[in-house]
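S.K.: Can you look at this prediction? I've put the sequence above it.
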Amino acid sequence: MTSLSHDVRTPLASLIGYLEAITDGLVTEAEQQEYLRAAQAKAFELETYIDTLFEWVKLESGERHYHFEATDISELLREIISEWIPRMEQQFSFDIQIPEKELSCMIDTAAFRRIIDNLLENCLKHSRGNRVTIRLFEQDQQVRLEISDNGRGISEQYLPRIFDRLYKGDEARGSKGNGLGLAIVQELVTAHHGEINVCSKLGEGTKFYVTLPK
């Protein structure tokens, strides 16, 4: 509980600090836009954190209900990525490989969105790289999604526990985050009768890959 409280209060304190600096006239007019962008980033961070907590509570209580329907995940993935690019483009360049043709899959769209959101949030917080590659393609009657970065990577010793609830390995998670994001991803992927795996090398980057039945 102490850790969760700290993780909420830290971005909230930063957000308040940026806004107070503006309203109290402590920054120049030229600096105001920079401070507003920083405040917006902290607001997004706090929103994602709270959404993650609510998602986990629903999963743990059995209140997470799914509505599976045939969905063009090519189009849905493009839509989700377009929402993330403004948050990430100052740090990352993108290599996006999504087929133009319709790629239909039985999914819960809200759950699929949460899967992508959490994987990109994990990349944003922990990668320390400057490039993100997102690939979507068909393979052996399955749909495969890969999200990889060229960041610091993860030590092999941390990989077996990276999807554990509340786990924050020094290199696997760093000091940021609540340790729930990837655990939620695994729960949601499993609910789709899919699989999620990770491969990583220190100094080279990390790749998460999700396979879902068509």
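M.R.: Perfect, thanks for sending it.
S.K.: what ranges do the strands span in this structure?
M.R.: With DSSP state E as the criterion, the chain has strands at 69-72, 93-97, 104-107, 131-139, 142-149, 195-201, 205-213.
S.K.: Paired strands for the fourth one, with orientation please.
M.R.: Paired with strand 131-139 in the same sheet, following DSSP bridges, are strand 93-97 (parallel), strand 142-149 (antiparallel).
S.K.: Helices along this structure, start to end?
M.R.: All helices of the chain, identified by DSSP state H, fall at 2-23, 29-61, 73-88, 109-126, 181-191.
S.K.: on that earlier part again, please work out which of the strands paired with strand 131-139 is packed deepest.
M.R.: Comparing the strands paired with strand 131-139 by mean neighbour count (mean count of other Cβ atoms under 10 Å), strand 142-149 ranks first with a mean of 20. C-betas here are computed from N, CA, C, even on glycine.
S.K.: where's the residue in the chain sticking out farthest from the centre relative to Phe92, distance?
M.R.: The centre of the chain is farthest from one residue, Gly25, which by Cα atoms, centre = their mean lies 34.9 Å away. Taking Cβ to Cβ, to the nearest Å as the measure, Gly25 falls 34 Å from Phe92.
S.K.: any idea of the pLDDT on Cys94?
M.R.: For the record, residue 94 is Phe, not Cys. Looking at Phe94, its pLDDT is 93.
S.K.: For Val143, find the nearest of the helices of the chain.
M.R.: helix 73-88 (6.5 Å; Cβ to Cβ).
S.K.: these two touch, right, Thr52 and Val185?
M.R.: No. Applying Cβ atoms under 8 Å, one finds Thr52 not in contact with Val185, separated by 10.3 Å.
S.K.: coming back round to it: out of the helices of the chain, nearest to Leu103?
M.R.: Set against Leu103 and scored by Cβ to Cβ, the helices of the chain come closest in helix 73-88, at 4.4 Å.
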